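Asker: mind folding the following:
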Amino acid sequence: MRTLALLLPFLLQDIPDHPDKLSYKRLRFEVPDPASMRVRLTTGTVAFLVEDAALPVVDLQVYLKSGSFAEPRGKEGLADLTASLMRTGGTATRAPEALDEELDFLAANLGVSMGDVTASATLSVLAKDLDRGLEILVDVLRNPAFRQDKLDVLKAQALEGLKARNDSTASIEARESNLLFYGDYPLNRLETKASVESITREDVAAFHRSAFHPSKFLVAAAGAFRKDELVRKLEAAFKDWPKDETRPLEIPKVSHAPEPGIYCFHKEGKNVNQGRVTIGHLGIDVHHPDVQAVRVMSYIFGAGGFSSRLMQKVRTEEGLAYDVRSDLRPGTSYPLVFKIQFQSKSESCVTAARLCLDELARIQKEGVREKELRDAQQFYLDAFPGFFFSTKIQTASTYAQAELLGLPEDYYRTYRERIAKLTLEDIRRVAREQLRPDRFAWVVVGNIPAIKAGDPKRPGTLADLGPVRDVPLPDPLTLERPKSP
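Answerer: From the prediction side, this is the model:
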């Protein structure tokens with residue numbers, strides 16, 4: 001009887017005769033207010049804290065500006081070694097094995113990582129073990145032991161990794177693209193055998209001291225805690241650290257512009273039957289006023305998967321590439337590169353490249369169709385919550401990283417509004433302004449003689465598309481290139 005009473009309101013509703021006629025209440029997502037979760041501790045640490053009692057777990061992330069950009073010249077590889085040692089090398093009071101056993105006993109996860117301009121430490125622990133988990137995290141951040149035997153093992157592993165640098169066409173393409181587009185920039189200060197071998201325990205300890213301090217931390221946390229209690233715990237954890245007298249990491253501007261041309265990197269091997277091609281020039285960062293118009297234009301052109309123009313033309317219609325795309329993501333700390341990228345059989349690379357360039361000319365001349373614009377806008381509007389706010393910890397992390405990297409204060413609040421108001425003319429304008437074929441530099445990796453020759457069944461060779469320059473692969477351990485005879 002009670003079940004019938006519960007079902008009665010639903011039974012009295014009109015039921016459509018086909019599922020296509022079902023209607024749903026429109027969902028409305030409001031961007032979370034960062035001010036409601038932001039706290040500044042007396043140590044200078046900024047924290048974004050979100051209570052979430054759905055599970056008895058606490059996720060805590062510590063962000064800071066550091067990474068490979070902060071490495072002294074000649075010590076390339078130091079940032080990664082420091083992060084690895086902090087996690088695997090134990091602390092002043094915990095041997096490495098004891099640290100692992102303690103985390104396993106708590107069913108906790110703890111990690112430390114370094115990127116180019118940011119570093120992070122993460123902790124996931126049951127709420128009942130938060131005090132102990134936080135104590136371990138702070139011990140790892142403040143008192144890493146940097147044991148020599150662990151450092152020796154990590155250096156040996158790093159050297160072995162360097163030997164494989166030229167084994168994969170994908171890794172060659174990524175490295176040579178950065179070298180071409182950014183020149184002498186911190187992104188391209190790559191580790192060598194000499195730099196890794198020169199790193200000492202004292203170097204690691206000094207790098208750690210310069211990077212890890214509560215005054216530089218931004219904390220994101222979500223889970224089963226009371227906000228005021230976690231604030232007190234964080235205050236206690238960070239209050240007694242020595243004064244930090246190091247300078248914050250500064251990100252230099254990119255001043256390099258490569259000479260336009262087609263730079264070819266020959267890779268030997270029986271299995272190298274496809275060429276990898278990157279075509280591009282320096283792009284924009286998130287502070288650019290057209291950042292959202294560029295994002296939507298790139299989605300239509302080549303970033304939108306199977307719906308993009310490049311995929312439709314080069315893969316679906318012509319069958320010349322399994323994967324072809326454009327990438328015009330805005331950089332957060334420095335501009336990223338606008339790229340057209342694809343893989344194709346060696347003999348069809350020229351044809352595929354020509355098709356990509358034709359599509360670029362078409363979007364600049366004709367713009368895009370109304371349906372293409374609507375679909376791209378709808379994708380970003382629908383995906384917006386999932387990109388940045390799908391969980392409570394992602395929400396806290398989104399705002400912590402935004403403050404760390406200096407994103408515009410209204411970036412997320414106006415994100416959807418700026419996309420929704422874009423017009424067809426906006427897309428055509430940014431395609432003309434931001435895509436500059438006259439500045440294109442190419443990275444081509446693979447069987448270069450076969451790629452240069454093109455397809456005998458189709459007109460054109462690589463030289464028809466621009467000046468071709470052969471560049472020898474560098475020694476994987478020294479990064480020195482053979483001199484021309």
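Asker: okay, now the domains of this protein?
Answerer: Domain segmentation of the chain under automatic domain parsing yields 36-238, 261-470.
Asker: for Arg26, which of those is the nearest?
Answerer: Closest approach to Arg26 among the domains of the chain is made by domain 261-470 (12.2 Å; Cβ to Cβ). C-beta: built from backbone N, CA, C; applies to glycine.
Asker: state the mean pLDDT of the closest one.
Answerer: The average pLDDT within domain 261-470 is 96.
Asker: next one: stretch 169-176
Answerer: 97.
Asker: from the middle of its chain, how far away would it be?
Answerer: 17 Å (Cα atoms, centre = their mean, to the nearest Å).
Asker: contacts for it?
Answerer: Here stretch 169-176 makes contact (Cβ atoms under 8 Å, 6 or more residues apart in numbering) with 164-166, 190, 263, 265, 267, 272, 274, 276, 278, 443, 445-446, 471, 473.
Asker: possible to save the domains of the chain as a markdown table with mean neighbour count and distance to Asp14?
Answerer: As requested, the domains of the chain are arranged in a markdown table below (neighbours: other Cβ atoms under 10 Å; distance: least, Cβ to Cβ, whole Å):
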| stretch | mean neighbour count | distance to Asp14 |
| --- | --- | --- |
| domain 36-238 | 18 | 35 |
| domain 261-470 | 18 | 28 |
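Asker: nearest to His18, out of the contacts of stretch 169-176: which one, please.
Answerer: Closest to His18 out of the contacts of stretch 169-176 is Gln274 (47.4 Å), distances taken as Cβ to Cβ.
Asker: for Leu99, phi and psi?
Answerer: The phi and psi values for Leu99, taken as degrees, to the nearest 10, are phi -60, psi -50.
Asker: I'd guessed it sits against Ala92; true?
Answerer: No. Using Cβ atoms under 8 Å, Leu99 is not in contact with Ala92; the gap is 11.3 Å.
Asker: got phi/psi on Asp116?
Answerer: phi -80, psi -40.
Asker: typo on my end, it should be Leu49
Answerer: Dihedral angles for Leu49 - degrees, to the nearest 10 - are phi -120, psi 130.
Asker: bridging residues for Glu51?
Answerer: Judged by DSSP bridges, the bridge partners of Glu51 are Gly223.
Asker: over to Phe265?
Answerer: Val445.
Asker: same question, Leu64
Answerer: What pairs with Leu64, by the bridge criterion (DSSP bridges), is Ala119.
Asker: need the contact list for it.
Answerer: Thr118, Ala119, Ser120, Ala211, Phe212, Lys216, Phe217, Leu218, Leu404.
Asker: farthest-apart pair in the contacts of stretch 169-176, please.
Answerer: Leu190 and Gln274 (25.3 Å).
Asker: need the strands for the stretch 51-200 of the chain, in chain order.
Answerer: 57-65, 109-114, 118-126 (DSSP state E, counting those that start in this stretch).
Asker: in a markdown table, list those along with distance to Gln378 and mean pLDDT.
Answerer: Below are those laid out as a markdown table (distance: least, Cβ to Cβ, whole Å; pLDDT from 0 to 100):
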| stretch | distance to Gln378 | mean pLDDT |
| --- | --- | --- |
| strand 57-65 | 31 | 97 |
| strand 109-114 | 34 | 98 |
| strand 118-126 | 31 | 98 |
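Asker: so can I have TSV of these showing distance to Ala35?
Answerer: As requested, those are arranged in TSV below (distance: least, Cβ to Cβ, whole Å):
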stretch	distance to Ala35
strand 57-65	19
strand 109-114	29
strand 118-126	23
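Asker: nearest approach to Gly223 belongs to which of the ones you listed?
Answerer: Of all those, strand 57-65 comes closest under Cβ to Cβ, at 3.5 Å.
Asker: those helices in the stretch 151-300 of the chain, which residues are they?
Answerer: 169-182, 193-198, 201-211, 227-238, 291-298 (DSSP state H, counting those that start in this stretch).
Asker: with distance to Gly44 added, can I get those in JSON lines?
Answerer: Formatted as JSON lines, the helices of the stretch 151-300 of the chain follow (distance: least, Cβ to Cβ, whole Å):
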{"stretch": "helix 169-182", "distance to Gly44": "32"}
{"stretch": "helix 193-198", "distance to Gly44": "33"}
{"stretch": "helix 201-211", "distance to Gly44": "15"}
{"stretch": "helix 227-238", "distance to Gly44": "9"}
{"stretch": "helix 291-298", "distance to Gly44": "30"}
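Asker: for Ala54, find the nearest of those.
Answerer: When these are compared (using Cβ to Cβ), the closest one is helix 227-238, at 15.7 Å.
Asker: what's the angle from that closest one to strand 57-65?
Answerer: Interaxial angle, helix 227-238 versus strand 57-65 (axes from the mean of the first three to the mean of the last three Cα atoms, to 10 degrees): 50 degrees.
Asker: what average pLDDT does helix 227-238 get?
Answerer: The model assigns helix 227-238 a mean pLDDT of 96.
Asker: residues in contact with that helix?
Answerer: The contact list for helix 227-238 (Cβ under 8 Å, 6+ apart) reads 39, 41-43, 45, 47, 49, 51, 130-131, 134-135, 138, 214, 217, 219, 221.
Asker: could I get it in PDB with only the CA atoms?
Answerer: Provided in PDB are the C-alpha atoms of helix 227-238 (Å, rounded to 0.1, in the frame of the first residue of the first chain):
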ATOM      1  CA  LYS A 227      36.900  23.600   7.400                       C
ATOM      2  CA  ASP A 228      37.800  25.400  10.600                       C
ATOM      3  CA  GLU A 229      39.500  22.300  11.900                       C
ATOM      4  CA  LEU A 230      41.500  21.700   8.800                       C
ATOM      5  CA  VAL A 231      42.700  25.300   8.900                       C
ATOM      6  CA  ARG A 232      44.000  24.800  12.400                       C
ATOM      7  CA  LYS A 233      45.800  21.600  11.400                       C
ATOM      8  CA  LEU A 234      47.400  23.300   8.400                       C
ATOM      9  CA  GLU A 235      48.500  26.300  10.500                       C
ATOM     10  CA  ALA A 236      50.100  23.900  13.000                       C
ATOM     11  CA  ALA A 237      51.800  21.900  10.200                       C
ATOM     12  CA  PHE A 238      53.400  24.900   8.500                       C
END
